[in-house]
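Q: Here is a sequence together with a model predicted from it:
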Amino acid sequence: MSKPKVVFVLGPPGSGKGTQCEKIVKEFGYTHLSAGDLLREERNREGSEYGALIEDNIKNGRIVPVEITCALLENAMNKTKEATGNDRFLIDGFPRNEDNLQGWTDKMSAKVEQQFVLFFECSEQQCTERCLKRGESSGRSDDNAESLKKRFNTYINDTVGIIKHYEEQQLVKKIDASADPDTVFERVKAIFAEQK
């Protein structure tokens, strides 16, 4: 059995991670796993033992305990491999802090092949405008000005260190995500084309 191949997709809230992941899935056949979506699904799942804890963390812009996120990601990868045979995954929005990184390293690093980290760079102002616009129709409880401020603080205080960690291992591929989605995807395609 080959190990699942994993690409982490990181960047500030609103930098276009989800949009670009959709395009990568279509073009390169990866399976997209959003840590946030998995947590939101688990939160809404009837009888979930973690639901209230997840909701409290999401609403307050805090990071959910890593054991929960790793378990959800591992389950989703196993289910996908069984159902489709696909073993290439984009993990979007994870790891977000030192604790996530440590938990992933302890629990998952021996089980997967880490390909690289796709890092979308975008200004806070532009990302905030995108999220507020998305919030008009997304129904997400965290696409509002107050939550966004907290999410950005969390991103700057916690996630930026993760990028530096992977940069030291020369695993980070940076993308300027300030352009329109199609232009950004041209940059993304060039990176994935090198992976074949």
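A: Cool, the structure landed.
Q: contacts, neighbours, all on C-alpha from now
A: Fine.
Q: Averaged pLDDT, the longest helix along the chain. What do you get?
A: If you go by DSSP state H, the chain has its longest helix at helix 66-84. Taken as a whole, helix 66-84 has an average pLDDT of 94.
Q: cool, stretch 187-196 as well?
A: For stretch 187-196, mean pLDDT is 88.
Q: Show me which residues of it are buried.
A: Val188 (16 or more other C-alpha atoms under 10 Å).
Q: Report the distance from the longest helix of the chain to the chain centre.
A: Distance of helix 66-84 from the chain centroid (C-alpha atoms, centre = their mean, to the nearest Å) equals 14 Å.
Q: Contacts made by it with the rest, please.
A: The contact list for helix 66-84 (C-alpha atoms under 8 Å, 6 or more residues apart in numbering) reads 4, 31, 33, 35, 38-39, 50, 86-87, 89, 99-100, 103-104, 107-108.
Q: One more pass at 7 Å, please.
A: 35, 38, 86-87, 99-100, 103-104 (C-alpha atoms under 7 Å, 6 or more residues apart in numbering).
Q: Taking those residues together, which two end up most distant?
A: Using C-alpha to C-alpha, those reach their maximum pairwise distance at Asn86 and Asp99, which is 28.3 Å.
Q: which secondary structure element contains Phe120?
A: strand 113-121 (DSSP states H and E).
Q: would you list every one of the helices in the chain?
A: 17-28, 35-44, 51-59, 66-84, 98-107, 124-138, 145-154, 160-168, 181-193.
Q: buried stuff in the longest one?
A: Put plainly, it is helix 66-84. 66, 69-70, 72-73, 77, 80.
Q: okay, those in a markdown table with distance to Asn57 next?
A: A markdown table is the format used below for the buried residues of helix 66-84 (distance: C-alpha to C-alpha, whole Å):
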| residue | distance to Asn57 |
| --- | --- |
| Val66 | 12 |
| Thr69 | 12 |
| Cys70 | 16 |
| Leu72 | 16 |
| Leu73 | 18 |
| Met77 | 24 |
| Thr80 | 27 |
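Q: Report the separation between the two terminal residues of stretch 171-181.
A: Start-to-end span of stretch 171-181 (C-alpha to C-alpha, to the nearest Å) is 23 Å.
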